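Visitor: the following block contains a protein sequence and its predicted model.
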Amino acid sequence: MTMHRGIITVTLNPSIDVTLWLDGLRTDEANRVLQESREVGGKGINVSRVIQSFGLDNLCLAVAGKDNYPEFAQFLEKAGLRYEILQVEGVVRENLTLRSDGETVKLNRKGLSMSTMLVGALMALIQSRLHPGDIVVFGGSLPENITVQDYAELILAVKKAGALVAVDSDLLTLEHYRRIAPWLIKPNIHELRHILDVKGNTIADVAEAARVLNRAGVEHALVSLGGNGLLCSSRGEEDGMETCVRVTVPQVEVKSTVGAGDSALAGFIVGYVKGNTLMDSARLAAACGTASAMMDGTAVADKEAASRLLDAVSAEEISG
């Protein structure tokens, strides 16, 4: 019997994602908007949306500006999310995604300004909702005035409070991960190269780099490889046994990669909470990531879309 685990996602710098479909992307000319959409965004919020679609309750914690908070909260309500918001001065940023003839241009604004005092308030909010063994997901960019060190200290404090922390960020270094020893991180191949030196481009090279993360204290390193699927390298907390799983996905028409990594992370968490094997959790992660890539704009995967792909997703254990 699997223990009950709560899931909390934390988004410090959320957004309202505006996607514009254009008749072209021509410089020095007027480009006509053919269609547009607005929805809530931010890594943690995206993870919550995918997890919610699988019927797993989770709590979405976010920091939002007061000026457009009503619209932001309305999006969370529409998505059916259970949420709590720490309100600060300013506005929730609006990020733009421009789509034309299969091309995507993404413009991310800086976002809110947040004091270190408010980080303390956020920590108090997380601790008041946290039970030991809960999974807490940290993802995305940071508000103005919050340093990477502040962020690392927040994650470490949540870990010390008894959480399994999952991190999806391109900001933290190998030294940070040694200190935090997170339950899970989900870099893509570019972020993996930012964390440490990956010697080559083969799957064996990526696997060896992921094992370095395991030996630095990361229990699960879930490396997304785009159309090449993903790789999951894990080290048992109790026995220290290393397992590396390579997951391959079917070829699909990619419409937008925005949100694919968030969907993959959510899929792995869903599998883990449901008591799946490491291999099946990794397969579900890959199915969710691929399903998201097949959707236009900033849409993320859901249970139905991922389930349609799952049979075509294969996995094998690879040796060191």
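Guide: Okay, I see it.

Visitor: buried ones in stretch 58-72, by neighbour count?
Guide: Asn58, Leu59, Cys60, Leu61, Ala62, Val63, Ala64, Gly65, Phe72 (16 or more other C-beta atoms under 10 Å). Every residue, glycine included, has its C-beta placed from N, CA and C.

Visitor: and stretch 4-11, by the same measure?
Guide: For stretch 4-11, the neighbour count (16+ other C-beta under 10 Å) marks Gly6, Ile7, Ile8, Thr9, Val10, Thr11 as buried.

Visitor: contacts only, for the nearest residue to Asp168 once chain neighbours are set aside.
Guide: Nearest-residue entry for Asp168: Gly139, 3.9 Å, with adjacent residues in sequence omitted and distances by C-beta to C-beta, 6 or more residues apart in numbering. Gly139 is in contact with Thr9, Val10, Thr11, Gly42, Lys43, Gly44, Val47, Val167, Asp168, Ser169, Asp262, Leu265, counting by C-beta atoms under 8 Å, 6 or more residues apart in numbering.

Visitor: adjacent strands (with direction) for the host helix or strand of Thr104?
Guide: Taking DSSP states H and E as the definition, one finds Thr104 inside strand 103-107. In the sheet containing strand 103-107, the strands it pairs with under DSSP bridges are strand 93-100 (antiparallel).

Visitor: tell me the mean pLDDT for the helix or strand harbouring Thr9?
Guide: In this assignment (DSSP H and E), Thr9 forms part of strand 7-11. In this model, strand 7-11 carries a mean pLDDT of 97.

Visitor: is it true that Gly42 touches Asn13?
Guide: Yes - when contacts are counted by C-beta atoms under 8 Å, Gly42 is listed as touching Asn13 (6.8 Å).

Visitor: which of these two has more residues huddled nearby?
Guide: When Gly42 and Asn13 are compared for neighbours, Gly42 comes out ahead with 30 against 25, by other C-beta atoms under 10 Å.

Visitor: and the helices in the stretch 1-150 of the chain?
Guide: For the stretch 1-150 of the chain, the helices identified by DSSP state H, counting those that start in this stretch occupy 43-53, 69-78, 116-129, 148-160, in order along the chain.

Visitor: cool, and the stretch 201-320 of the chain?
Guide: With DSSP H, counting those that start in this stretch applied, the stretch 201-320 of the chain shows helices at 203-215, 260-273, 278-293, 303-310, listed in chain order.

Visitor: list the buried ones in the longest one?
Guide: Across helix 278-293, burial judged by 16+ other C-beta under 10 Å covers 278-293.

Visitor: out of the buried residues of stretch 4-11, who's nearest Glu89?
Guide: Distances from the buried residues of stretch 4-11 to Glu89 were compared by C-beta to C-beta; the smallest belongs to Thr11, at 17.7 Å.

Visitor: the residue lying closest to that closest one once chain neighbours are set aside: neighbour count?
Guide: Computed as C-beta to C-beta, 6+ apart, the closest residue to Thr11 that is not its neighbour in sequence is Gly44, at 3.5 Å. Counted by other C-beta under 10 Å, the residues lying close to Gly44 total 27.

Visitor: pretty sure Gly44 contacts Val10?
Guide: Yes - in this structure, Gly44 is within contact of Val10 by C-beta under 8 Å, at 5.4 Å.

Visitor: shared neighbours, the two?
Guide: Common contacts of Gly44 and Val10 (C-beta under 8 Å, 6+ apart): Leu61, Ala62, Val137, Phe138, Gly139.

Visitor: hey, which helix or strand in the protein has the poorest pLDDT?
Guide: Sorted by mean pLDDT, DSSP states H and E, the helices and strands of the chain end with strand 103-107, the least confident at a mean of 87.

Visitor: how about that strand as CSV, C-alpha atoms only?
Guide: Output for strand 103-107, consisting of C-alpha atoms alone and laid out as CSV, is shown next (Å, rounded to 0.1, in the frame of the first residue of the first chain):
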residue,chain,number,x,y,z
GLU,A,103,7.8,29.2,-36.2
THR,A,104,7.6,30.3,-32.6
VAL,A,105,9.0,33.4,-31.0
LYS,A,106,8.7,33.6,-27.2
LEU,A,107,9.1,36.8,-25.3
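
Visitor: which positions in that strand come out as buried?
Guide: Of the residues in strand 103-107, those buried under the neighbour-count criterion (16+ other C-beta under 10 Å) are Thr104.

Visitor: quote the end-to-end distance of stretch 67-85.
Guide: Stretch 67-85 has its terminal residues 13 Å apart, counting by C-alpha to C-alpha, to the nearest Å.

Visitor: start the count at 53, not 1, going forward
Guide: OK, 53 is where the count begins now, so the last one is stretch 119-137.

Visitor: how about residues contacting it?
Guide: For stretch 119-137, contacts defined as C-beta under 8 Å, 6+ apart pick out 66, 68, 90-92, 97, 100-101, 104, 109-117, 139, 142-144, 177, 181.
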